[in-house]
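Chemist: sequence and predicted structure are below.
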Amino acid sequence: MITKSAKKAYRQTVRRREVNIQRSKALKTVLKNYKKLVLAKDLKGAQEQLRLVFKALDKSAKVNLIKKNTASRLKSRLSKLLSRK
């Protein structure tokens, strides 16, 4: 028989997993939009999108969706990508 606490822990895990999936999809969407703008050489639009990307990465690192250093590394690489174009 499963204990009450195990049932509750399972419910929490399911809820958290759904939220994490939504957050990671949102992050991937923002990154994709930014990369499309850079490839299209829309520098003004890419600059605006970069702000949103930084915000999304910082938020993801804050809630432990990704690690802090991963967020920093991505921010560095994405800003470098914009400066090259």
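Modeler: Okay, I see it.
Chemist: any idea how far the one residue sitting closest to the centre of the chain is from Tyr34?
Modeler: Compute the mean C-alpha point of the chain, and by C-alpha atoms, centre = their mean the closest residue is Leu27, 3.1 Å away. For Leu27, the distance to Tyr34 equals 11 Å [C-beta to C-beta, to the nearest Å]. C-betas here are computed from N, CA, C, even on glycine.
Chemist: wouldn't the residue nearest to the centre of the chain be in contact with Phe54 here?
Modeler: No - using C-beta atoms under 8 Å, Leu27 is not in contact with Phe54, being 11.6 Å away.
Chemist: which elements pack onto the top helix by length along the chain?
Modeler: Taking DSSP state H as the criterion, the chain has its longest helix at helix 4-39. Applying 3 or more C-beta pairs under 8 Å, 6 or more residues apart in numbering; DSSP states H and E, one finds that helix 4-39 contacts helix 43-62, helix 68-84.
Chemist: any idea which of those is most buried?
Modeler: Mean neighbour count, computed with mean count of other C-beta atoms under 10 Å, is highest for helix 43-62 among the helices and strands packed on helix 4-39, reaching a mean of 16.
Chemist: what sits up against that one?
Modeler: 23-24, 26-27, 30-31, 33-34, 37-38, 66-68, 70-71, 74-75, 78-79, 82, 85 (C-beta atoms under 8 Å, 6 or more residues apart in numbering).
Chemist: repeat that with 10 Å
Modeler: Residues outside helix 43-62 that contact it (C-beta atoms under 10 Å, 6 or more residues apart in numbering): 20, 23-24, 26-31, 33-40, 42, 65-75, 78-79, 81-83, 85.
Chemist: low-confidence regions, this structure specifically.
Modeler: For the chain, no stretch is flagged by pLDDT under 70.
Chemist: run the last query once more with 80
Modeler: Under the criterion pLDDT under 80, the flagged ranges of the chain are 85.
Chemist: still on that earlier bit, tell me the buried residues in the longest helix of the chain?
Modeler: Under the neighbour-count criterion of 16 or more other C-beta atoms under 10 Å, helix 4-39 has Arg23, Leu27, Val30, Leu31, Tyr34, Leu37, Val38 buried.
Chemist: re earlier: shared neighbours, Leu27 and Phe54?
Modeler: Listed contacts common to Leu27 and Phe54 are Ala71, Leu74; contacts here mean C-beta under 10 Å, 6+ apart.
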